[in-house]
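*Asks:* Pasting the sequence and the predicted model now:
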Amino acid sequence: MTTGAARRRGPLAVGDQVQLTDPKGRMHTITLEAGKQFHTHKGILEHDTLLGGPEGVVVRIGTTEYLALRPLLSDYVLSMKRGAQVVYPKDAGQVVQMADVFPGAHVVEAGVGSGALSMSLLRAVGDTGRLSSYERRQDFADIARDNVERFFGGPHPAWSITVGSLQDELVETDVDRVVLDMLAPWETLDAVAGCLRPGGLLCCYVATTTQLSVTVEAPRAHGSFTEPSSWESMVRGWHVEGLAVRPDHRMVGHTGFLLTTRRLADGVEPPVRRRRPSKGAYGEPATESAPEERTEPFRPDLP
Ligand SMILES: C[S@@+](CC[C@H](N)C(=O)[O-])C[C@H]1O[C@@H](n2cnc3c(N)ncnc32)[C@H](O)[C@@H]1O
């Protein structure tokens, strides 16, 4: 089965998802079946009205008009069933771009949660790539599988999901990318270092500053990784109507932090950091004197 363009275009067919949006922006998502009806308190819509026709049409339920479109992935992940909190589309986009996930790549992912990030990763690796996902909770793995299969219209050829902790289950090698969204990614670092090929990339998504701190220090201390980069992204919508053009009053203030780091070849020492940590960064008292030149590779676990 192909999960790419063929499922995303052409006349609406049995099994396709359709998002119905009313004039107030309220959405319902239905899966098309021949002879089936969609009921709301406003009336009934026959699925056959849509089957075989184009998307982007307006249908009527009672007196209310609904716009009918195939849901975008970014719509779908926000409306699907959730087990754990999902990675928002703005962060999933960052992960795909900054973790450089390419068609045909072998990617390892943990945890799977509701499967939102898995879907972006599956799209990026494509049908010929490989996404090996690990989730320690069976109930979340079941929800994620359901969400993924509903979106792609069946099992994705590139996807496997293993129930268990990544650090206990991971046996793969020569992996291109590892993407972690979990409470304590630093606990998996030995396993991650063991599976990534030299030049492979680790990308972590964490919610809090304390997690970010430990998640950045861990690869520095490990010795098998390049200096990590960390950042967050903010997206602000704009209200644009005639001359009333202004930022939206509300925005998603904080979702999480991202960091990336690359796997060094075995036996290679991380290069000495050019920018030294500021005084006090590791607990020593801050002074006015200039920091001493470091000659050793930077390792926070060393004195
Ligand atoms: C925030 S959720 C992931 C959400 C997911 N990225 C999404 O977009 O839907 C974190 C998940 O990591 C799982 N988890 C935590 N530690 C893990 C580990 N060491 N190995 C596998 N899964 C883990 C948890 O059970 C939880 O489901």
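*Replies:* Alright, I've got the coordinates. Note that this is a predicted model, so its numbers are computed, not measured.

*Asks:* Can you verify my assumption that Thr21 contacts Leu67?
*Replies:* Yes. Contact criterion CB atoms under 8 Å: Thr21 and Leu67 qualify, at 4.7 Å. To be clear about C-beta, it is placed using only N, CA and C from the backbone, and glycine gets the same treatment.

*Asks:* So what does whichever residue of the stretch 201-303 of the chain sits closest to the ligand have for phi and psi?
*Replies:* Minimum separation of the stretch 201-303 of the chain from the ligand (CB to the nearest ligand atom) falls at Tyr205, amounting to 7.1 Å. When quoted as degrees, to the nearest 10, the phi and psi of Tyr205 stand at phi -120, psi 120.

*Asks:* Excluding chain neighbours, what is closest to it?
*Replies:* What sits nearest to Tyr205 in space, not counting adjacent residues and going by CB to CB, 6 or more residues apart in numbering, is Asp181, at 4.4 Å.

*Asks:* how much space is there between that neighbour and the ligand?
*Replies:* Look at Asp181 and the ligand: by CB to the nearest ligand atom, to the nearest Å, they are 4 Å apart.

*Asks:* can you list the weak-confidence ranges in the stretch 201-303 of the chain?
*Replies:* 285-303 (pLDDT under 70).

*Asks:* at 80 instead, please
*Replies:* Low-confidence segments of the stretch 201-303 of the chain (pLDDT under 80): 273-276, 284-303.

*Asks:* which residues of it fall in strands?
*Replies:* For the stretch 201-303 of the chain, applying DSSP state E, counting those that start in this stretch gives strands covering 229-231, 238-241, 244-247, 257-262.

*Asks:* possible to save these as CSV with mean neighbour count?
*Replies:* Output for those, formatted as CSV (neighbours: other CB atoms under 10 Å):
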stretch, mean neighbour count
strand 229-231, 13
strand 238-241, 8
strand 244-247, 9
strand 257-262, 22
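
*Asks:* want to throw those strands into JSON lines with distance to the ligand?
*Replies:* As requested, the strands of the stretch 201-303 of the chain are exported to JSON lines (distance: least, CB to the nearest ligand atom, whole Å):
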{"stretch": "strand 229-231", "distance to the ligand": "18"}
{"stretch": "strand 238-241", "distance to the ligand": "26"}
{"stretch": "strand 244-247", "distance to the ligand": "27"}
{"stretch": "strand 257-262", "distance to the ligand": "12"}
